[in-house]
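Asker: Following is a predicted model, sequence given first.
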Amino acid sequence: MTLSRTSLLCCVFLFPFYGHAQDGTSASEARTAGKIARISLRRLTHSQYNNTVRDLLGDDTRPADRFPPEDYVDGYKNQITSQDISPVLAEAYNSAAERLARAAFQGGTDDHHLIPCRPRSYEDGQCRSEFIRSFGLRAFRRPLTDSEQSRYDRTFRKAADGSREFMAGAQIVMEAMLQSPKFLFNVESKSPERRSYAIASRLSYFLWDTMPDDALLRSAAAGELLSPAGLQAAVARMVHDARASQGLNEFVSQWLRFDLALGAVKDRALYPEFTPELAAGMAEETRLLISDIVRNDRSFMEAFTAEYGFLNSDLAALYGLPAPPSEFARVSFPANSERAGLLGEAVFLALTSKPGETSPTVRGYFVREHFLCQQVPDPPPGTNASLPPLTEAKPQTNRERLAEHTTNATCRGCHSLMDPVGFGLERFDAIGRHRDQQKVVFMPDHHDRTKKPVTVQLALDANGTVSGIADSAFSSPKQLGHLLARTPACQECIVRQLFRYAFGRKETDSDRDIIEGGAAEFRNSGFRMTALMTYLGKTLALEEEGTQ
């Protein structure tokens, strides 16, 4: 059973809301006027949608995995400026709502106990009202208004009367609510009675990547989140709740762009061991490293210096180490290893490489943008990015080929920021394996079946520098990791990155006090991520009201 064209409901409900601030200003006008910080409308990301329907309905099918892919803007998928709803996405919401509602009451049963009462008949008005009220509270993350209650009551009765089944009414109401902007968006309100619920949603989707739990909704109902003490208690509980790892993992996966490694294609002739399973293991190693640091409340800067990893057998083989005692066990690197922290992990080294070779430029760009929060300008229009071709007569290392960037005035300015950083990581190949020389393979013309591939081994110069940082010479991921860990710009960049993820926007000049306050809190806590999450959580809770 479906609504009498719930897709129409989707259009009616969604589009009057999207793209407007509360004073009626359009999104583009608000950006022009510098009001982007106050646009109080944020769509659930696909990850948040999946987690929400799981916690709301007990449904683990992850329907948003089949939605159109989300764009990365300013490093993240939850940025306000990119949260439009295309017709394709609107149709995907419609289809998902139908499937989810149908599955929730499959066979006329309520296996997940979504109905808080036992209906005496399909006409049971009291049970109908209780269901609409209780489900609406959790779906919209705040109590329904009287008009909403009445509207959904009419929708329910029409479906139940037509089929003479109580569950049919419940299903149609669920389907309608799952397409409402009040479910798909976190819609802010200035009304005092709703402010506390808005705070609960901001906190839960930042810290947990999912909807508020019953305890948080009770705190909102009691107005506890509107007091400093109540807010502090709620944030402290949430930061140390097991669900905080879910939110942290989502932040890490976007900040470090796991998608680029998971979707990477490598030359199978050169890297036959690179498989989707190996790529997934690479991402898991990094996820476990950061989770271990945060869970045990150690300095987050250890993520750059850790001389250990969480390896499975495939990663251990890639790293040239014995198989671990169990999959993803903690393994210490040898004392003479050049590998340490995020920069020595295969996921970073693989996602910043080409299919057949490393890319010092991309690696340097990633370090600048993601770990130092420095924006590298795009090349001027019409710039020829081609490098001298490799030939058997004149084989060259990446460093030698990239020398073109230092002699070309058009390229020199930007590439002097990136290439020297990447040069210091050249002793690790395109899938993160250590190498002492760069192997260059010249494949024969496919028409000549008598000629064999020619392999040339070239000596590597892995000396790198980070311009703008004093005494920044390095020649390995370990050395660069220690350099970044003690650099104030990197420490503050962690604050900026988490700010962008939490607030759904890039910081502006008006956010200077927040960033400086977060950096001080982070530094004074010994760079504990839980302290930074707590600080930004409390700040986010007050941001929309402009009272921080």
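Answerer: Received, thanks. Numbering: from 1, shown residues only.
Asker: Low-confidence stretches in the chain?
Answerer: 1-40, 382-386, 405, 409-410, 413, 447-448, 544-548 (pLDDT under 70).
Asker: Distance check, Leu44 against Glu148.
Answerer: Distance check for Leu44 against Glu148: by CB to CB, to the nearest Å, it reads 19 Å. (Each C-beta comes from the backbone N, C-alpha and C, glycine too.)
Asker: quick one, which of those two is more surrounded?
Answerer: Neighbours of Leu44 and Glu148, each counted by other CB atoms under 10 Å, are more numerous for Leu44; the result is 23 against 17.
Asker: For whichever strand or helix holds Cys411, buried residues please.
Answerer: Following DSSP states H and E, one finds Cys411 within helix 409-423. Of the residues in helix 409-423, those scored as buried under the neighbour-count criterion (16 or more other CB atoms under 10 Å) are 411, 414-415, 417-423.
Asker: same question, stretch 207-218
Answerer: 207-213, 216-217.
Asker: Taking those residues, tell me the two that lie furthest apart.
Answerer: When the buried residues of stretch 207-218 are compared pair by pair using CB to CB, the farthest-apart members prove to be Asp209 and Leu217, with a separation of 17.0 Å.
Asker: sorry, back to before: output the helix holding Cys411 as CSV, nothing but the C-alphas.
Answerer: Listed in CSV are the C-alpha atoms of helix 409-423, where the atom choice follows Å, rounded to 0.1, in the frame of the first residue of the first chain:
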residue,chain,number,x,y,z
ALA,A,409,56.8,30.3,-13.5
THR,A,410,53.1,29.5,-13.9
CYS,A,411,53.4,26.3,-11.8
ARG,A,412,56.2,27.3,-9.4
GLY,A,413,54.1,29.3,-6.9
CYS,A,414,51.6,26.5,-6.0
HIS,A,415,53.8,23.5,-6.6
SER,A,416,56.5,24.8,-4.3
LEU,A,417,53.9,24.4,-1.5
MET,A,418,53.0,20.8,-2.5
ASP,A,419,55.8,18.9,-4.3
PRO,A,420,58.5,19.3,-1.7
VAL,A,421,56.1,17.8,0.9
GLY,A,422,55.3,14.8,-1.3
PHE,A,423,59.0,14.2,-2.1
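Asker: helices and strands around it, which ones?
Answerer: Using 3 or more CB pairs under 8 Å, 6 or more residues apart in numbering; DSSP states H and E as the contact criterion, the secondary-structure elements in contact with helix 409-423 are helix 360-366, helix 404-407.
Asker: and that helix, how far from the chain's centre?
Answerer: On the basis of CA atoms, centre = their mean, to the nearest Å, the separation between the geometric centre of helix 409-423 and that of its chain is 28 Å.
Asker: Stretch 529-539 now?
Answerer: Here the centre of mass of C-alpha atoms in stretch 529-539, compared against the chain's by CA atoms, centre = their mean, lies 17 Å away.
Asker: For it, which outside residues touch it?
Answerer: For stretch 529-539, the external contacting residues (CB atoms under 8 Å, 6 or more residues apart in numbering) are 203, 206-207, 231-232, 235-236, 238-240, 244, 248, 293-294, 297, 300, 494-495, 498-499, 502, 514, 517-518, 521-522, 524-525, 548.
Asker: Which of those residues fall within strands?
Answerer: Among these, the subset assigned to strands under DSSP state E is empty.
Asker: buried subset of the residues you listed?
Answerer: Judged by neighbour count, with 16+ other CB under 10 Å as the criterion, the buried members of the contacts of stretch 529-539 are 203, 206-207, 231, 235, 238-239, 244, 248, 293-294, 300, 494-495, 498-499, 502, 514, 517-518, 521-522, 525.
Asker: Thr450 - how many residues pack around it?
Answerer: For Thr450, the count of nearby residues is 5 (other CB under 10 Å).
Asker: is it fair to say it lies in a strand?
Answerer: No: assessed with DSSP: H, G, I helix; E, B strand; the rest coil, Thr450 is coil; it does not lie in a strand.
Asker: tell me the contacts of the nearest residue to Arg435 once chain neighbours are set aside?
Answerer: With sequence-adjacent residues excluded and distances taken as CB to CB, 6 or more residues apart in numbering, Arg435 is closest to Asp429, at 5.1 Å. Under the criterion of CB under 8 Å, 6+ apart, the contact partners of Asp429 comprise 271, 349, 353, 357-358, 435.
Asker: Helix or strand: which one has Met441?
Answerer: You called it Met, but residue 441 is Val. Here Val441 is covered by strand 437-442, with elements defined by DSSP H and E.
Asker: Packing partners of that strand?
Answerer: Under the contact criterion of 3+ CB pairs under 8 Å, 6+ apart, the helices and strands touching strand 437-442 comprise strand 454-459.
Asker: what angle sits between the strand it packs on and strand 437-442?
Answerer: 160 degrees (axes from the mean of the first three to the mean of the last three CA atoms, to 10 degrees).
Asker: tell me which residues of strand 454-459 are tucked away?
Answerer: For strand 454-459, a neighbour-count test (16+ other CB under 10 Å) marks nothing as buried.
Asker: Dump that strand to PDB, keeping only the CA atoms.
Answerer: Once non-C-alpha atoms are left out, strand 454-459 reads as follows in PDB (Å, rounded to 0.1, in the frame of the first residue of the first chain):
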ATOM      1  CA  VAL A 454      61.600  -3.500 -19.400                       C
ATOM      2  CA  THR A 455      62.000  -2.700 -15.700                       C
ATOM      3  CA  VAL A 456      64.300   0.100 -14.500                       C
ATOM      4  CA  GLN A 457      65.200   0.700 -10.900                       C
ATOM      5  CA  LEU A 458      65.900   4.400 -10.100                       C
ATOM      6  CA  ALA A 459      67.600   5.800  -7.000                       C
END
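Asker: Partner strands of that strand, with direction?
Answerer: Each strand that strand 454-459 pairs with, and the sense of that pairing, follows from DSSP bridges: strand 437-442 (antiparallel).
Asker: For the strand it pairs with, give me every contacting residue.
Answerer: Residues beyond strand 437-442 that count as contacts (CB under 8 Å, 6+ apart) turn out to be 269-270, 390-392, 395, 397-398, 426, 453-460.
Asker: how close does the nearest residue to Glu426 once chain neighbours are set aside get to Glu357?
Answerer: Spatially, and ignoring its direct neighbours in sequence, Glu426 is nearest to Ala462 (4.7 Å; CB to CB, 6+ apart). Remark: distance between Ala462 and Glu357 (CB to CB) = 15 Å.
Asker: Enumerate the strands of this protein by residue range, in sequence order.
Answerer: Using DSSP E, the strands of the chain run over 41-43, 185-187, 308-311, 329-332, 437-442, 454-459.
Asker: How is the protein partitioned into domains?
Answerer: Following automatic domain parsing, the chain resolves into domains at 6-187, 252-380+393-485.
Asker: Distance to Leu540 for those - can I get that in JSON lines?
Answerer: Compiled in JSON lines, the domains of the chain are given as follows (distance: least, CB to CB, whole Å):
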{"stretch": "domain 6-187", "distance to Leu540": "11"}
{"stretch": "domain 252-380+393-485", "distance to Leu540": "17"}
